[in-house]
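*Asks:* Sequence first, predicted model second:
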Amino acid sequence: MTQRKKYSSLTLQEKDSWRANILRRASAKKTIVSKTLGGFKTEAEATAWAENELSLFTTLQNERNKRQSQKRAE
């Protein structure tokens, strides 16, 4: 499980396949699943997808936050 301050990834086994989740920490007590994908044959595939999506997801969120802050500043 990859962990950052606000976002993390988690892989879970479901019978004979694996599922990867991208989690967002909404508050101290609440965690929200932002993205999920299942059907991976191995844990390594699920982890690789989660790592890639987590980095892409955080990059997109940072860009969105910058655009929103620019709009507020205007």
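*Replies:* Nice, thanks for sending it over. Residues are numbered from 1 along each chain as shown.
*Asks:* Output the host helix or strand of Ile32 in CSV with nothing but the alpha carbons.
*Replies:* Element membership for Ile32 (DSSP states H and E) is strand 31-40. Output in CSV follows, covering the C-alpha atoms of strand 31-40 (Å, rounded to 0.1, in the frame of the first residue of the first chain):
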residue,chain,number,x,y,z
THR,A,31,-11.8,7.7,3.5
ILE,A,32,-13.3,7.8,0.0
VAL,A,33,-12.5,5.5,-3.0
SER,A,34,-11.6,7.8,-5.9
LYS,A,35,-10.8,5.1,-8.5
THR,A,36,-10.9,1.4,-8.7
LEU,A,37,-10.1,-1.3,-11.2
GLY,A,38,-10.4,-5.1,-10.8
GLY,A,39,-9.6,-8.3,-12.6
PHE,A,40,-5.9,-8.3,-12.3
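*Asks:* do you know how far the residue nearest to the spatial centre of the chain is from Gln70?
*Replies:* With distances taken as Cα atoms, centre = their mean, Ile22 lies nearest the centre of the chain, 2.5 Å away. According to Cβ to Cβ, to the nearest Å, Ile22 stands 26 Å off from Gln70. Yep, even glycine has a C-beta here, placed from its N, CA and C like the rest.
*Asks:* what does Ser34 give?
*Replies:* Distance from Ser34 to Gln70, by Cβ to Cβ: 23 Å.
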